[in-house]
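K.L.:
Here you go, sequence then predicted model.
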Amino acid sequence: DAKTTQPNSMESNEEEPVHLPCNHSTISGTDYIHWYRQLPSQGPEYVIHGLTSNVNNRMASLAIAEDRKSSTLILHRATLRDAAVYYCIPGVNNNAGNMLTFGGGTRLMVKP
Amino acid sequence: DTGVSQDPRHKITKRGQNVTFRCDPISEHNRLYWYRQTLGQGPEFLTYFQNEAQLEKSRLLSDRFSAERPKGSFSTLEIQRTEQGDSAMYLCASARWGPPYEQYFGPGTRLTVT
């Protein structure tokens, strides 16, 4: 499995953009990079994924470095409901059943 | 709501008792996963099914744990002779086969062993 490094916690003000970094220097060339988040007392929730190109969806944007050794999840305008633990999970492909390997994640706190 | 559901949401049991949890995946998903999450940690993989076949089990899944997915629909996870160390949140997720392999999680069953 690709190893990941994420900050333990980050803080943001409401309505401001948030950039959540992740280093995954051992990622393989065919592995997707997935991001999930877990709100308090809930199961994890899929946020976004990417392979090589930057990606946007209704929840967030994902910027992937050219060498794929790092990525950044971007929340364009943080809301109080975005307070959660965000997990970066590289290494998702069709080998070994695609089970997700969660690290410690980044706890995002959003201040009003 | 057509998401993943889990039952019960909470279970308190005495050490040594058996418990069984149920997971109903999203209907068109043929892959089903079980994870365990202890306080302050990320979820850890336990086992997964493709249709009714259990294809992989983690080392975390001791002999006291058994999972089934009859007919490739709902799944059950049973823990026999529970121990205090089994106290955790048990999460179920389902997925379609094929890229990009995103998984959809249920709300979890919180087990407390006293």
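P.N.:
Good, I have the coordinates.

K.L.:
lowest confidence element among the helices and strands of the chain?
P.N.:
Looking at chain A here, since you left the chain open. The helix or strand of chain A with the lowest confidence, counting by mean pLDDT, DSSP states H and E, is strand A:84-92 at a mean of 90.

K.L.:
Chain B was what I was after
P.N.:
strand B:53-57 (a mean of 91).

K.L.:
one step back: what packs against the very next helix or strand once past the least confident helix or strand of chain A?
P.N.:
Using DSSP states H and E, the helix or strand that directly follows strand A:84-92 along the chain is strand A:106-111. Other helices and strands packing on strand A:106-111, by 3 or more CB pairs under 8 Å, 6 or more residues apart in numbering or on different chains; DSSP states H and E, are strand A:9-13, strand A:18-23, strand A:84-92. (Glycine included, C-beta is placed from N, CA and C.)

K.L.:
Could you say which of those is packed most deeply?
P.N.:
Of the helices and strands packed on strand A:106-111, the one with the most neighbours on average (mean count of other CB atoms under 10 Å in any protein chain shown) is strand A:84-92, at a mean of 24.

K.L.:
Run through who's touching it.
P.N.:
Contacts with strand A:84-92, where a contact means CB atoms under 8 Å, 6 or more residues apart in numbering or on different chains, come from A:1-2, A:4, A:6, A:20, A:22, A:24, A:27-28, A:31-40, A:44, A:47, A:49, A:71, A:73, A:98, A:100-103, A:105-108, B:42, B:100-101.

K.L.:
Run through the residues that contact residue B:23.
P.N.:
Applying CB under 8 Å, 6+ apart to residue B:23 gives the contacts B:4-6, B:32, B:34, B:74-77, B:92, B:94, B:106.

K.L.:
List, out of those, those positioned next to chain A.
P.N.:
With CB under 8 Å from any CB of the partner chain as the criterion, the contacts of residue B:23 include B:4, B:106 near chain A.

K.L.:
okay, the contacts of residue B:23 in TSV with secondary structure and neighbour count next?
P.N.:
Formatted as TSV, those follow (DSSP: H, G, I helix; E, B strand; the rest coil; neighbours: other CB atoms under 10 Å in any protein chain shown):
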residue	secondary structure	neighbour count
B:4	coil	22
B:5	strand	16
B:6	strand	21
B:32	strand	28
B:34	strand	27
B:74	coil	16
B:75	strand	25
B:76	strand	14
B:77	strand	24
B:92	strand	29
B:94	strand	24
B:106	coil	23
